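Visitor: Pasted the sequence and its predicted model underneath.
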Amino acid sequence: MHFFGNENPKQLPVPPLAFDHASTLTNPQSLWLIRFPKLKSLELSHSQILNLEFEYGSACIPQLKKVVLRGTNLQGVLGLPSSLSILSIRACLSLKRLPTIQNLINLLELELLNLPVEESKGLGEIKRLEILVVSDCKIVLLNGLSKLRSLQRLSLKNCNSLNKLPNVSDLTMLKVLEIHVARGSVTSKASTN
């Protein structure tokens, strides 16, 4: 499989570049350790790749802290490693569903910009999340938002499908709250206890 040159891959398994069934079955972690032992940041921009798979997760890429997906034709992202602290997904117009995020226990910053995604499954499980930016998305509900006790910045911009903002009164660490609505309305339920 070629990743550089004139070829335009439709799937990007991360790794293997070379695949040996015997060694994979006995030591699947060796693929990442041999290929990218110090990879800390992965940015994928304007590609034709349809599916991105991190085959063996954090055990094989322990250094990976940041993933930025920008303007790609991605339809699916699988197996994001729990070592991530920053995940940014921007203008991936074919992505109908967010990658599984509840296992990202070290995630500090999540940025979702210009996406057709309507759901945010697993958001409440990211207990260490400090920054959440959602802009120009078709998200209807932000389930689990009220559980993000470490959240310091919440920015919601032009999410016109967002019908209701969950109770944010328990987010005592919140320092910055930005809500911009281009049209329609967003209602917030807050208690004064």
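Guide: Looks like it arrived, so ask away.

Visitor: how about the strands in the protein?
Guide: 11-14, 41-45, 51-54, 66-70, 76-78, 86-90, 109-113, 131-135, 153-157, 164-165, 176-180, 187-188 (DSSP state E).

Visitor: what about residue 72, how many neighbours?
Guide: Per other C-beta atoms under 10 Å, the neighbour tally for residue 72 reads 23. Yep, even glycine has a C-beta here, placed from its N, CA and C like the rest.

Visitor: typo on my end, it should be residue 61
Guide: Residue 61 has 27 neighbours, counted by other C-beta under 10 Å.

Visitor: just so I know, which of the strands of the chain lies nearest residue 147?
Guide: strand 131-135 (11.9 Å; C-beta to C-beta).

Visitor: Point out where the protein drops to low pLDDT.
Guide: The chain contains residues with pLDDT under 70 at 1-37, 55-60, 182-193.

Visitor: can you map out the helices along it?
Guide: Applying DSSP state H to the chain gives helices spanning 21-26, 30-35.

Visitor: thinking again about what came up before, please dump the strands of the chain into TSV; it should also carry distance to residue 143 for every row.
Guide: Formatted as TSV, the strands of the chain follow (distance: least, C-beta to C-beta, whole Å):
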stretch	distance to residue 143
strand 11-14	29
strand 41-45	27
strand 51-54	24
strand 66-70	22
strand 76-78	19
strand 86-90	18
strand 109-113	14
strand 131-135	13
strand 153-157	14
strand 164-165	11
strand 176-180	17
strand 187-188	15
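
Visitor: can I get those strands in JSON lines with distance to residue 97 and mean neighbour count?
Guide: Output for those, formatted as JSON lines (distance: least, C-beta to C-beta, whole Å; neighbours: other C-beta atoms under 10 Å):
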{"stretch": "strand 11-14", "distance to residue 97": "17", "mean neighbour count": "17"}
{"stretch": "strand 41-45", "distance to residue 97": "17", "mean neighbour count": "13"}
{"stretch": "strand 51-54", "distance to residue 97": "12", "mean neighbour count": "19"}
{"stretch": "strand 66-70", "distance to residue 97": "13", "mean neighbour count": "18"}
{"stretch": "strand 76-78", "distance to residue 97": "8", "mean neighbour count": "17"}
{"stretch": "strand 86-90", "distance to residue 97": "11", "mean neighbour count": "19"}
{"stretch": "strand 109-113", "distance to residue 97": "12", "mean neighbour count": "19"}
{"stretch": "strand 131-135", "distance to residue 97": "15", "mean neighbour count": "19"}
{"stretch": "strand 153-157", "distance to residue 97": "20", "mean neighbour count": "18"}
{"stretch": "strand 164-165", "distance to residue 97": "21", "mean neighbour count": "16"}
{"stretch": "strand 176-180", "distance to residue 97": "25", "mean neighbour count": "12"}
{"stretch": "strand 187-188", "distance to residue 97": "26", "mean neighbour count": "10"}
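
Visitor: That's all I had, so thanks and see you.
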